[in-house]
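A.B. asks: predicted model and sequence below, questions to follow.
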Amino acid sequence: MLWGMAVEFRQVTCPPLTAFEAVAPDGAVIGIIGEDDAGGSTLLRLAAGIEAPQAGAVAVGTKRRLIGPGDPLNLAPVDTLLLDNAFTLHDRLVRARAVAALDRLRRAGTTILMTSQDEELLLNLADEIWWIEKGRLVGRGDPAEALEAYRSRISTRVREWGETVQRPLAPRLRRGDGRAEILSVETLGENGKPTAVWRSGELAVVRVSVKYQHVVPNPVIGIMIRTRIGLNVYGTNTELEKLKFGPCDSGEMIRLSFAFRCELCPQEYTITVASHDPDGVWHDWLEDAVAFSVTDGRYTAGVSNLRAHVSVDHV
């Protein structure tokens, strides 16, 4: 039987890590989460003895092994095992076998530190999660709770990033008789700013700008949201919403806003936009005119987020 030992980081500074302090008990599996530049890989290299801290100290067992992506999965007994996204390139069968081997090592006293973006793997293996951000330990504790908090943080970051992305009008197909021209299709968040990412549940706006090249007595403008594989999710138009805005003269420009709660599950979507007559004759039709993403702080399956409230009665 192995006699493992705790892994201690005592006020360790080694960029990007700054005054990092934490202890992994002997025989524990610690899951390390964070963005690529947060410092998780540096932490493992310090524990492996590959890097030395600029300040502070690292206490670790004599027999230690670091396994990175693409390295052979050597899961032979050792005091301290360090896994840096070691399962990224392996299939589910290899992972399942590895999980069983790691459990045996844990029970034998091996201390295991592992970085991973695989939530299922971390939930199955980790006794505790360390969440590192910008070189500091910002959260630690129960895997399910820590991963939920991290997921929410990443969702917020993705939503913020969405406001920096410019997605030009790029329809997969365009057709129509030319009596109108769709000039722009914008996706706006509830803060009124253009974004390529909506958060599930936020107030979303699709803003369509159209210029009429000829007189159109009774124009209709509609949108259709589809999944990445072309499944119709939601569609409406000004006729269905009982909004009459014609007739439109030649040269006239209008802007319409379709506002709704984005009760969609996280994935990629497209928006098709058209201006047409009530009988369906198209002035301008833009198939998959723009793309957008939906993010959320929790996992949901499918397309529509119905936000169920669950109750139980003991009978």
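C.D. replies: Okay, I see it.
A.B. asks: CA atoms for contacts and neighbours, from now on please.
C.D. replies: Will do.
A.B. asks: show me where the stretch 1-150 of the chain has helices.
C.D. replies: Ranges of helices within the stretch 1-150 of the chain are 40-48, 92-107, 119-125, 143-162, based on DSSP state H, counting those that start in this stretch.
A.B. asks: so can I have CSV of those helices showing mean neighbour count?
C.D. replies: Formatted as CSV, the helices of the stretch 1-150 of the chain follow (neighbours: other Cα atoms under 10 Å):
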stretch, mean neighbour count
helix 40-48, 23
helix 92-107, 15
helix 119-125, 16
helix 143-162, 17
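A.B. asks: okay if I get these as CSV plus distance to Pro194 and mean pLDDT?
C.D. replies: What follows is those, written out as CSV (distance: least, Cα to Cα, whole Å; pLDDT from 0 to 100):
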stretch, distance to Pro194, mean pLDDT
helix 40-48, 34, 97
helix 92-107, 40, 90
helix 119-125, 31, 91
helix 143-162, 8, 94
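A.B. asks: can you list those helices in TSV and add distance to Pro266?
C.D. replies: Formatted as TSV, the helices of the stretch 1-150 of the chain follow (distance: least, Cα to Cα, whole Å):
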stretch	distance to Pro266
helix 40-48	27
helix 92-107	24
helix 119-125	16
helix 143-162	10
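A.B. asks: so where's this structure uncertain?
C.D. replies: Along the chain, the model assigns pLDDT under 70 to residues 1-5.
A.B. asks: please parse it into its domains.
C.D. replies: Following automatic domain parsing, the chain resolves into domains at 7-154, 173-295.
A.B. asks: just how off-centre is the shortest one within its chain?
C.D. replies: Looking back up the chat, that one is domain 173-295. 26 Å (Cα atoms, centre = their mean, to the nearest Å).
A.B. asks: what do you get for the first one?
C.D. replies: Averaged C-alpha coordinates place domain 7-154 at 21 Å from its chain's average position (Cα atoms, centre = their mean).
A.B. asks: okay, how far is it across it, tip to tip?
C.D. replies: Using Cα to Cα, to the nearest Å, the end-to-end distance of domain 7-154 comes out at 28 Å.
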